[in-house]
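**Q** Following is a predicted model, sequence given first.
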Amino acid sequence: MPEKDKGFSFRQLFFRDTEAGTQEKIIQNTEPATVKSQDDFMSNQTTQSRAGAPDQTLVEDFVQRLQNLINQNNQPGFDFLEFTESLFEEKQNPTPEVYKTVFRIAQKIDKSLTPAKLLDSAMFYKDLVQRTAETEINKGVSKKQGLQSEKDNEKTNLDNGLKDTRTKIQQLARQIQELQNQELTLNNQLLAIDQKYDSRFIDIDRKVGAIRDAKEQVIVSIVDIEAGIKSNLS
């Protein structure tokens, strides 16, 4: 992403506002519970749109969910999350000197803080994002496979019914008109199968695409900070 946009992106990803509009305390005094998971993204209903590039609204929605997940699983003490918040409080596009200044201040708060600890906590959040996104992607893939199987079974049943009907037409001349009507009905149902399922496939594809884009946005943001830590603090 362009340099001028980086600060805004990190603020959106990592800044946690309270009801009064101020940031949460940078030091967490209690141990977090087990890793908290987010709601099922795939189960949410969305408006239909054409297939193709992921819907930006879906991307932003999943980015927000990942942000909330990161905040809910904030590790105790001054870690990568608090470091990032402090970093962009100082400057939108932090320089090497800003990295060093924020780190020196952080060490006064937490004397055990080291660049290695920051990088370890960055890896924790990055793995959390990766696991969460992959879980949702796998749900989407599984759901699409289930729909494909359902479609194939229904299509096979209709196709078999169509073949049986055609055989009866040949064998039962007296009932030919009735069977021809049945043939037409089944044939129309068979032709309508794609239309029946297309919108549902499109919805899943949009969500999977949106999750992939959201994951990449968050991972890239974390990697940028990691690079800054490695180059400026290690």
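**A** Received the coordinates, thanks.

**Q** And the residue nearest the centre of this protein?
**A** Ile211 (2.9 Å; Cα atoms, centre = their mean).

**Q** Would you mark the buried spots in the helix or strand containing it?
**A** Secondary structure from DSSP states H and E places Ile211 in helix 193-232. Residues 197, 203-204, 206-215, 217-219, 221-222, 225-226, 228-229, 232 are the ones in helix 193-232 that count as buried (16 or more other Cβ atoms under 10 Å). Any C-beta I mention is one placed from the backbone N, CA and C, and that applies to glycine too.

**Q** Quick one: distance of that helix to the chain centre.
**A** On the basis of Cα atoms, centre = their mean, to the nearest Å, helix 193-232 sits 5 Å off its chain's mean C-alpha point.

**Q** tell me what it is packed against?
**A** Helices and strands touching helix 193-232, by 3 or more Cβ pairs under 8 Å, 6 or more residues apart in numbering; DSSP states H and E, are helix 3-14, helix 56-72, helix 80-90, helix 96-109, helix 115-171.

**Q** try 7 Å
**A** helix 3-14, helix 56-72, helix 96-109, helix 115-171 (3 or more Cβ pairs under 7 Å, 6 or more residues apart in numbering; DSSP states H and E).

**Q** So for the helix or strand just after the last one, what gets flagged as buried?
**A** I take that to be helix 115-171. Using DSSP H and E, the helix or strand that follows helix 115-171 in sequence is helix 176-191. Of the residues in helix 176-191, 179, 182-183, 186-187, 190 count as buried by neighbour count, 16+ other Cβ under 10 Å.

**Q** Compute the first-to-last residue distance for stretch 72-82.
**A** 13 Å (Cα to Cα, to the nearest Å).

**Q** which parts of it are buried?
**A** 73-75, 77-82.

**Q** average pLDDT across it?
**A** Stretch 72-82 shows a mean pLDDT of 92.

**Q** Kindly report the same for stretch 223-234.
**A** 89.

**Q** State the pLDDT value of Gln48.
**A** For Gln48, the predicted pLDDT is 52.

**Q** start the count at 25, not 1, going forward
**A** Let's use 25 as the start, then, which means that last one is Gln72.

**Q** Now for the buried residues of stretch 96-106: which two are most distant?
**A** Asn97 and Phe102 (15.7 Å; Cβ to Cβ).

**Q** Put together TSV for the helices and strands packed on helix 217-256, with distance to Glu113 on each row.
**A** What follows is those, written out as TSV (distance: least, Cβ to Cβ, whole Å):
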stretch	distance to Glu113
helix 27-38	9
helix 80-96	16
helix 120-133	8
helix 139-195	16
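
**Q** between those helices, which gets nearest to Ser110?
**A** helix 120-133 (4.9 Å).

**Q** list the helices and strands the closest one packs on?
**A** helix 104-114, helix 217-256.

**Q** Now do it: everything it contacts.
**A** Here helix 120-133 makes contact (Cβ atoms under 7 Å, 6 or more residues apart in numbering) with 51, 102, 107, 110-111, 114-115, 137, 252, 256-257.

**Q** Mind doing that once more with 6 Å?
**A** 102, 110-111, 114-115, 137, 252, 256-257 (Cβ atoms under 6 Å, 6 or more residues apart in numbering).

**Q** Would you mind listing the buried residues in it?
**A** 122-123, 125-127, 130.

**Q** Average pLDDT for stretch 183-190, rounded please.
**A** 89.

**Q** for stretch 229-244, same thing?
**A** 93.

**Q** just to revisit the earlier point, okay, the helices and strands packed on helix 217-256, which one's buried deepest?
**A** A comparison of the helices and strands packed on helix 217-256 by mean neighbour count, using mean count of other Cβ atoms under 10 Å, puts helix 80-96 on top with a mean of 18.
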